[in-house]
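J.: Can you look at this prediction? I've put the sequence above it.
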Amino acid sequence: MATSVRAAFRMPAALDLAALDVRGRRTGPQSRAAAAEEMAELGPHLDGLQERLYAEGTRALLLVLQGMDTSGKGGVVRHVVGLVNPQGVHITSFKKPTEAERGEHFLARIRRRLPAPGRIGVFDRSHYEDVLVVRVDELVPEEVWRSRYAEIVAFEKELVDSGVTVVKCMLHISPDEQRERLLARLDDPTKHWKYNPADLDVRAKWSRYQDAYAEALRRCDTEEAPWYVIPSDRKWYRNWAVAALVEETLTEMDPRYPLADFDAGAERARVEASVIA
């Protein structure tokens with residue numbers, strides 16, 4: 001077992017997505033029950049760290065979630081991000097660019113949704129769509145999307161230099177698990193709204209997407225903004241892993257409550273002596 005959650009899930013130097021165990025439990029809880037217990041302990045600690053980050057008001061954390069359809073991006077938002085005060089969280093789900101956005105630089109809409117100081121920002125999909133979907137569906141020439149790797153690396157370094165800690169998670173599932181999750185949506189009328197027939201068109205391009213993901217991870221994994229690959233066939237383990245990654249990262253950031261710019265003792269005396277007219 002690795003002592004560091006980030007070390008356990010850090011993208012391997014010799015990345016082979018097909019060889020990674022999507023049901024593996026590299027560290028932490030080995031059962032659903034144990035994960036539930038650890039999540040119950042992580043929740044209050046995460047909430048306290050987020051409050052300190054908000055109170056400090058000088059730095060931010062950006063959680064980037066990428067993965068194939070049904071990999072659990074929404075589940076992570078609900079079960080992990082839901083552990084902290086929503087007042088200090090800014091969630092963006094990036095959809096297909098609008099006509100106006102297509103006329104801008106691909107990072108323009110991303111910049112508009114970056115977290116303010118003191119906040120945790122969450123990207124459900126992100127700027128990586130412009131080297132994934134754009135590549136697989138051949139929406140722009142190859143020389144255009146290939147040039148974006150360097151732009152992304154420079155952009156993320158700029159974020160880190162400005163005080164935004166970047167945590168990038170690829171939620172890695174198997175095609176068999178995706179099939180079961182799509183069928184589960186069809187079998188449950190309350191989940192029909194989550195099913196999109198177009199998802200099958202994307203599924204048919206599975207190998208091309210895996211190649212695109214692998215290159216994006218390799219080209220854009222840096223010490224400033226590393227990639228983490230999360231085994232996601234087990235939903236409970238995926239949720240624990242992302243929660244533990246965020247908790248470990250915030251713990252290292254060590255946000256502090258700001259010092260008061262007033263005399264607390266004197267203000268206490270004023271409060272005690274105060275009267276209401």
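T.: Yep, that arrived.
J.: show me the contacts for residue 6.
T.: 226, 228, 245, 248, 249 (Cβ atoms under 8 Å, 6 or more residues apart in numbering). (Glycine included, C-beta is placed from N, CA and C.)
J.: so which strand or helix has it?
T.: helix 5-9 (DSSP states H and E).
J.: and if you look at residue 257?
T.: Applying DSSP H and E, one finds residue 257 in no helix or strand.
J.: before we move on, back to that, which of the contacts of residue 6 fall in strands?
T.: residue 228 (DSSP state E).
J.: Mark which of the contacts of residue 6 are part of helices, please.
T.: Per DSSP state H, helices hold the following members of the contacts of residue 6: 245, 248, 249.
J.: Which single one of the residues you listed is nearest to residue 80?
T.: residue 245 (9.2 Å; Cβ to Cβ).
J.: Distance of the closest one relative to residue 64?
T.: Per Cβ to Cβ, to the nearest Å, residue 245 is found 12 Å from residue 64.
J.: Show me the common contact partners of the two, please.
T.: 167, 169.
J.: follow-up on the earlier one: looking at the ones in helices among the contacts of residue 6, state which has the most neighbours.
T.: Ranked by neighbour count (other Cβ atoms under 10 Å), those have residue 245 at the top, with 23 neighbours.
J.: if I pick that one, what's in contact with it?
T.: By Cβ under 8 Å, 6+ apart, the neighbours of residue 245 are 5, 6, 9, 167, 169, 228.
J.: Got the confidence number for it?
T.: pLDDT, residue 245: 97.
J.: how near is it to residue 77?
T.: From residue 245 to residue 77 the distance is 14 Å (Cβ to Cβ).
J.: from the contacts of residue 245, which would you call buried?
T.: 5, 9, 167, 169, 228 (16 or more other Cβ atoms under 10 Å).
J.: Make CSV from the residues you listed and add distance to residue 259 to it.
T.: CSV is the format used below for these (distance: Cβ to Cβ, whole Å):
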residue, distance to residue 259
5, 31
9, 36
167, 28
169, 34
228, 34
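J.: I'd like the average pLDDT over the biggest helix by length in the chain.
T.: In the chain, taking DSSP H as the definition, the longest helix is helix 32-56. On average, the pLDDT along helix 32-56 is 97.
J.: All set now, cheers.
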